[in-house]
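Chemist: starting from these lines, generate the structure:
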Amino acid sequence: MHVLVRRVLLRLLPATPTACALGGALLMFTLFLAIQGEPALEACKLIFVGAFGSGFAWQNTLQRAAPLMLTALCVALPARAGLVIIGGEGALALGGLAAALTPMVLPHAFPALPALVLMAIAGALAGGLWIALAGALRLFRGVNETIGSLLLAYIALALFRHLVEGPLRDPASLNKPSTFPLPADYMIGSLPGLDVHWGLLWGVVACIAAHLLVRHGVFGFAMAVVGGNIRTARLVGLPVRRIALSACMLGGAAAGLAGMLEIAAVHGSANSALLAGYGYSGILVAFAARQNPLAIIACAMMIGGIESSGSLLQRRLDLPDATTHVLQGLLFINLLAWEALSGRLASWRLRLQSPPVEPMLTEAVRG
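Modeler: Numbers count the residues shown, from 1 in each chain. Sure, this is the predicted structure:
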């Protein structure tokens, strides 16, 4: 096989399960609509148009993709250490709440830039500690981290609603309970030339930083050892608990930062609109990206585009806005099903990386 073809196949090999899962999800989604007598092919076309068919569609997609990149890191980083954390929604909610409360304790006329930095730190710290709690329950008490993080997310959402609708409620927010609004100077604007807030840039930067950490950093290598074989990690003297907790802390901090950016760029205060399901969608993004931080950027745009196309399906075909949730559910099922390929990817990679036998024999005969 030609060397160039081998290199291309090696590059495309990690994306094979995700590509197969996406194709299977679209086929099942088409059959799902066709059985109901709906124009299935037209619906698939409108999903693409609603996600990427115009400048306005692209802006909606990128707006949704910004928090998804950060909540996906909440799943991907602990997964490197062998922990399946799915409680990013709770970390996002508490991170947003902590960011919304930070200006209330700052002096009057506090400068905007330092205030935003403190809000980001507060949001990241709140989210990081919450996910670290799920990791600590697993490491010190043996509680399954998947179930523990999910239950902690429900507790975080209940705590968020109680505080926003009770002790921390702005008396002026009558129909929609919320905290006191942020000062206008503390709001994050849009990227130049786009109707997309700066959270998109921070999401991309976070994914690139996570890639450098897990692929080229000593700590990333240590996480891979812990996640690959915890007994080996202990034999070589790695601090397994500290590494796992740090991975959870970093993942939760990313989700908490997503909450802060949504508060400072979109909502202006902590209210129920913050709980839009970005933490749950981030699970799908992380699985589609196979926990690869760079692939999270592309997968977040894909899932964000699917979510943003729901209103177009409703207007054009009179389908429920939640129709796109069916497609996301089918994609998740297909991702789990096509994970069976992951065991064969290693052998296929070895075959592609090994030199072909015939040229070696030819060289041997010539010699």
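Chemist: buried residues in the helix ranked longest in the chain, which are they?
Modeler: Secondary structure of the chain per DSSP state H: the longest helix is helix 112-141. Of all the residues in helix 112-141, those buried under the rule 16 or more other C-beta atoms under 10 Å are 115-116, 118-139. To be clear about C-beta, it is placed using only N, CA and C from the backbone, and glycine gets the same treatment.
Chemist: how far away is C74 from A124?
Modeler: 11 Å (C-beta to C-beta, to the nearest Å).
Chemist: find the residues that touch each one of those two.
Modeler: A254 (C-beta atoms under 8 Å, 6 or more residues apart in numbering).
Chemist: can you give me the pLDDT of V365?
Modeler: pLDDT for V365: 46.
Chemist: could you list the low-pLDDT ranges of the stretch 201-350 of the chain?
Modeler: In the predicted model of the stretch 201-350 of the chain, residues 340-350 satisfy pLDDT under 70.
Chemist: tell me where it has helices.
Modeler: 218-228, 230-235, 240-262, 278-288, 293-308, 310-317, 323-337, 342-353 (DSSP state H, counting those that start in this stretch).
Chemist: what's the neighbour count on the residue nearest to F32 when sequence neighbours are not counted?
Modeler: Computed as C-beta to C-beta, 6 or more residues apart in numbering, the closest residue to F32 that is not its neighbour in sequence is V326, at 6.5 Å. Neighbourhood size, V326 [other C-beta atoms under 10 Å]: 16.
Chemist: try the one 3 residues further on
Modeler: Residue neighbour count, defined by other C-beta under 10 Å, stands at 14 for G329.
Chemist: again, but for G96
Modeler: Count around G96 with other C-beta under 10 Å applied: 35.
Chemist: same deal with N334?
Modeler: 22.
Chemist: residue contacts, it?
Modeler: N334 touches 20-22, 24-25, 28, counting by C-beta under 8 Å, 6+ apart.
Chemist: which of the residues you listed are buried?
Modeler: 21-22, 24-25, 28.
Chemist: can I get the residues you listed in TSV with distance to L41, pLDDT and secondary structure?
Modeler: TSV is the format used below for these (distance: C-beta to C-beta, whole Å; pLDDT from 0 to 100; DSSP: H, G, I helix; E, B strand; the rest coil):
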residue	distance to L41	pLDDT	secondary structure
A21	20	87	helix
L22	16	90	helix
G24	17	91	helix
A25	15	92	helix
M28	14	94	helix
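Chemist: name the nearest of those residues relative to L331.
Modeler: Within those, the smallest distance to L331 is 4.0 Å, found for A25 (C-beta to C-beta).
Chemist: what sits closest to S178 if chain neighbours are left out?
Modeler: N271 (3.5 Å).
Chemist: that neighbour: how many residues sit nearby?
Modeler: Neighbours around N271, by other C-beta under 10 Å: 23.
Chemist: from what I can see it touches R169, true?
Modeler: No. Using C-beta atoms under 8 Å, N271 is not in contact with R169; the gap is 9.6 Å.
Chemist: what do the two both touch?
Modeler: 177-179.
Chemist: buried subset of the residues you listed?
Modeler: 177-179.
Chemist: out of those residues, which sit inside strands?
Modeler: Counting by DSSP state E, none of the members of the buried ones among the shared contacts of N271 and R169 fall within strands.
Chemist: and the residues you listed as CSV, adding distance to P39?
Modeler: What follows is the buried ones among the shared contacts of N271 and R169, written out as CSV (distance: C-beta to C-beta, whole Å):
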residue, distance to P39
P177, 41
S178, 40
T179, 44
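Chemist: A100: which of those residues is nearest?
Modeler: T179 (4.7 Å).
Chemist: how about the contacts made by that closest one?
Modeler: 97, 100-101, 104, 164, 168-170, 269-271.
Chemist: let's see that with 6 Å instead.
Modeler: Going by C-beta atoms under 6 Å, 6 or more residues apart in numbering, T179 touches 100, 168, 170, 269-270.
Chemist: kindly report the same for G95.
Modeler: 123, 126-127, 256, 259-260.
Chemist: and stretch 207-222, which residues are buried?
Modeler: Neighbour count says stretch 207-222 has 207, 210-211, 213-214, 220, 222 buried, by 16+ other C-beta under 10 Å.
Chemist: on that earlier part again, the longest helix of the chain: what's the following helix or strand?
Modeler: The C-terminal neighbour of helix 112-141 among helices and strands, as given by DSSP states H and E, is helix 145-165.
Chemist: could you export that following helix as PDB, CA atoms only?
Modeler: The C-alpha coordinates for helix 145-165 follow below in PDB (Å, rounded to 0.1, in the frame of the first residue of the first chain):
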ATOM      1  CA  GLU A 145     -18.400   7.900  40.000                       C
ATOM      2  CA  THR A 146     -20.900   7.700  37.100                       C
ATOM      3  CA  ILE A 147     -23.900   7.400  39.500                       C
ATOM      4  CA  GLY A 148     -22.300   9.600  42.100                       C
ATOM      5  CA  SER A 149     -21.700  12.500  39.600                       C
ATOM      6  CA  LEU A 150     -25.200  12.200  38.200                       C
ATOM      7  CA  LEU A 151     -26.800  12.300  41.600                       C
ATOM      8  CA  LEU A 152     -24.600  15.200  42.600                       C
ATOM      9  CA  ALA A 153     -25.800  17.000  39.500                       C
ATOM     10  CA  TYR A 154     -29.400  16.700  40.700                       C
ATOM     11  CA  ILE A 155     -28.400  18.000  44.100                       C
ATOM     12  CA  ALA A 156     -26.600  20.900  42.500                       C
ATOM     13  CA  LEU A 157     -29.600  21.800  40.300                       C
ATOM     14  CA  ALA A 158     -31.900  21.700  43.400                       C
ATOM     15  CA  LEU A 159     -29.500  23.900  45.300                       C
ATOM     16  CA  PHE A 160     -29.300  26.300  42.400                       C
ATOM     17  CA  ARG A 161     -33.100  26.600  42.100                       C
ATOM     18  CA  HIS A 162     -33.500  27.000  45.900                       C
ATOM     19  CA  LEU A 163     -31.000  29.800  46.200                       C
ATOM     20  CA  VAL A 164     -32.100  31.600  43.000                       C
ATOM     21  CA  GLU A 165     -35.700  31.500  43.900                       C
END
